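> Turn this into a model:
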Amino acid sequence: MSSTSIVYTPFTLPCGKTVRNRLVKAAMEENMSGRWLLPDHALFSLYRYWAHGGLGMIITGNVMIDRHAMTGPGGVALEADSPIEPFIQWAKIIRSGGALAIMQINHPGRQVLKAMRDTALAPSAISLNMGRHSSLFAKPIAMQGSDIHTICARFVTTAVRAKEAGFDGVEIHAAHGYLLTQFLSPLWNQREDEWGGNLLNRARLLLNIVCQIRACCGSNFIIMVKLNSADFQHGGFDIDDAQVVVSMLEGVGVDVVELTGGSYESPAMQGRTHNERTLPKEAYFLEFAKRIAASTSLPVMTTGGIRRLAVAERVIEQGCALAGMGSAVASTPDLAKKWQIKADYQGVAPVCHWRDKTLASFVKMAKVRRELRRLGNDLTPLKHPSSFHSLLLDLLHRRKMTKRYHTYMAAWAQEKEK
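From the prediction side, this is the model:
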């Protein structure tokens with residue numbers, strides 16, 4: 001039995017709430033919303049597996065702050081006028097096994113698929129460079145000052161509603177190339193006003209969001225920030241920038257910073273970088289997390305490639321408070337319990353060796369989402385699904401969800417006109 005492992009010890013966050021162990025289900029984008037961009041039976045079924053899988057904390061996939069700005073079809077949105085009941089049920093399910101329930105809240109910025117027909121707002125009008133796949137994404141529009149203030153208010157509204165629904169806290173997504181990452185990065189933020197230029201200006205939006213959520217949600221509400229340890233692109237946000245931003249977040253009352261890395265252009269979160277920097281095969285960002293954890297009193301969590309107990313233990317032993325797992329618990333939702341019985345049990349990571357690296361990244365994400373959909377339908381995970389069939393099924397699912405999204409948005413617009 002490995003229940004005496006350091007990963008099964010409790011940890012109390014600065015806000016006063018205690019995580020029963022150090023293992024966290026990290027956010028994965030499910031693309032499994034029901035009608036009207038709300039969680040329903042498929043997500044409820046999926047999260048029941050994690051709720052009773054022995055984890056200390058469960059972070060949802062992206063919950064969008066604006067129905068007009070989705071990271072992809074089948075996403076969930078929580079706005080001022082969204083029905084609250086589905087979110088209350090979601091929170092109850094997540095917390096039913098003893099884990100803390102955290103809602104990840106996000107805005108995609110320029111990372112918007114053209115097929116969604118949404119406006120891609122960004123700090124600067126710099127398009128994604130995805131090689132021959134660049135045409136899949138909308139052309140971004142540089143935000144006005146009023147747009148920035150509106151986005152800040154939307155983050156706060158979604159956090160307040162998450163608390164109303166019974167969630168223990170929120171995680172503000174400032175990584176993986178989404179809007180807040182774009183503000184932080186000198187590559188993508190070339191503004192010359194108070195929101196651009198030096199790092200303090202580039203971090204201003206993130207800091208404002210944190211401060212306003214804390215003011216509106218109270219001192220015992222968990223506020224997490226998902227932050228890139230680096231963009232892994234030449235001239236982008238790097239480890240030195242991350243260290244400075246973490247010190248800023250420590251000063252405004254954040255409870256946990258989750259360190260990850262990369263973006264759509266450089267998918268380091270899948271273990272591959274645009275600048276060809278070599279990452280470890282497991283715990284991709286541990287060296288970055290170790291350095292930052294040593295320089296702050298803010299609890300640090302790292303996510304990326306953790307699928308063995310020994311690796312999770314090393315993460316904690318080297319200074320991190322929490323160890324996050326994504327794809328490993330997509331195929332083995334009770335991995336935390338399995339480790340207590342068989343310490344050398346190894347979770348599964350999606351692989352794809354296709355030559356087109358961008359397409360290979362899409363395949364890996366498609367494999368994970370396929371496993372999530374199977375769990376949502378109470379089917380056994382496949383562990384090693386076919387690359388081709390996973391991509392094909394994902395494309396078909398996305399087409400179906402895109403059509404549903406357009407139908408919903410048309411109906412919503414008609415209702416607003418009445």
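> The stretch 301-418 of the chain: strands as residue ranges?
322-325 (DSSP state E, counting those that start in this stretch).
> Actually, the stretch 101-250 of the chain.
121-122, 141-142, 169-174, 222-228.
> can those strands go into CSV with extra columns for distance to residue 108 and mean neighbour count?
All C-beta atoms are positioned from the backbone trio N, CA, C, and that covers glycine. Shown next, in CSV, are those (distance: least, C-beta to C-beta, whole Å; neighbours: other C-beta atoms under 10 Å):
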stretch, distance to residue 108, mean neighbour count
strand 121-122, 9, 26
strand 141-142, 13, 14
strand 169-174, 9, 27
strand 222-228, 14, 27
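> between those strands, which gets nearest to residue 82?
strand 169-174 (14.9 Å; C-beta to C-beta).
> ok, and what's touching that closest one?
The contact list for strand 169-174, computed with C-beta atoms under 8 Å, 6 or more residues apart in numbering, reads 15, 17, 27, 59, 62, 100-106, 155, 158-159, 162, 180-181, 184, 206, 209-210, 213, 221-228, 255, 258.
> With stretch 395-405 instead?
Taking C-beta under 8 Å, 6+ apart as the rule, stretch 395-405 contacts 31, 33, 35, 37, 70, 72-74, 115-116, 366, 369, 373.
> that older thread, what subset of the contacts of strand 169-174 is buried?
Buried by 16 or more other C-beta atoms under 10 Å: 15, 17, 27, 59, 62, 100-106, 155, 158-159, 162, 180-181, 184, 206, 209-210, 213, 221-228, 255, 258, out of the contacts of strand 169-174.
> Could you count how many residues lie near the residue lying closest to residue 294 once chain neighbours are set aside?
Nearest non-adjacent residue to residue 294, counting by C-beta to C-beta, 6 or more residues apart in numbering: residue 319, 5.9 Å away. Close neighbours of residue 319, defined as other C-beta atoms under 10 Å, add up to 17.
> SS state for the most centrally placed residue in the chain?
The chain has residue 27 as the residue nearest its centroid, 4.4 Å off, counting by C-alpha atoms, centre = their mean. Assigned with DSSP: H, G, I helix; E, B strand; the rest coil, residue 27 falls in the coil class.
> residue ranges with poor pLDDT in the stretch 1-150 of the chain?
Within the stretch 1-150 of the chain, the ranges that satisfy pLDDT under 70 run 1-3.
> show me where it has helices.
Counting by DSSP state H, counting those that start in this stretch, the stretch 1-150 of the chain has helices at residues 41-51, 85-95, 145-165.
> want to throw those into CSV with distance to residue 389?
Formatted as CSV, the helices of the stretch 1-150 of the chain follow (distance: least, C-beta to C-beta, whole Å):
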stretch, distance to residue 389
helix 41-51, 20
helix 85-95, 30
helix 145-165, 35
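> closest to residue 235 out of those helices?
Of all those, helix 145-165 sits nearest to residue 235, with 23.3 Å by C-beta to C-beta.
> Now do the buried residues in the closest one.
Neighbour count says helix 145-165 has 148, 151-152, 154-163, 165 buried, by 16+ other C-beta under 10 Å.
> helices or strands next to that helix in the packing?
Secondary-structure packing of helix 145-165 (3 or more C-beta pairs under 8 Å, 6 or more residues apart in numbering; DSSP states H and E): helix 85-95, strand 100-106, strand 169-174, helix 204-217.
> Switch these over to JSON lines; also include distance to residue 47.
Formatted as JSON lines, the helices and strands packed on helix 145-165 follow (distance: least, C-beta to C-beta, whole Å):
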{"stretch": "helix 85-95", "distance to residue 47": "5"}
{"stretch": "strand 100-106", "distance to residue 47": "9"}
{"stretch": "strand 169-174", "distance to residue 47": "15"}
{"stretch": "helix 204-217", "distance to residue 47": "22"}
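> which residues does the nearest residue to residue 242 once chain neighbours are set aside contact?
Nearest residue to residue 242, sequence neighbours excluded (C-beta to C-beta, 6+ apart): residue 229, at 5.1 Å. By C-beta under 8 Å, 6+ apart, the contact set of residue 229 is 239, 242, 259-261, 285, 288-289, 292.
> What of residue 90?
39, 43-44, 47, 60, 101, 165.
> For residue 297, state which of those residues is nearest.
residue 101 (25.1 Å).
> Please name the residues that touch the residue nearest to that closest one when sequence neighbours are not counted.
Leaving aside its chain neighbours, residue 101 sits nearest to residue 94 (3.9 Å; criterion: C-beta to C-beta, 6+ apart). Contact analysis of residue 94 by C-beta under 8 Å, 6+ apart lists 47, 50-51, 58, 60, 101, 167.
> if we go to 6 Å?
Neighbouring residues of residue 94 by C-beta atoms under 6 Å, 6 or more residues apart in numbering: 47, 51, 58, 101.
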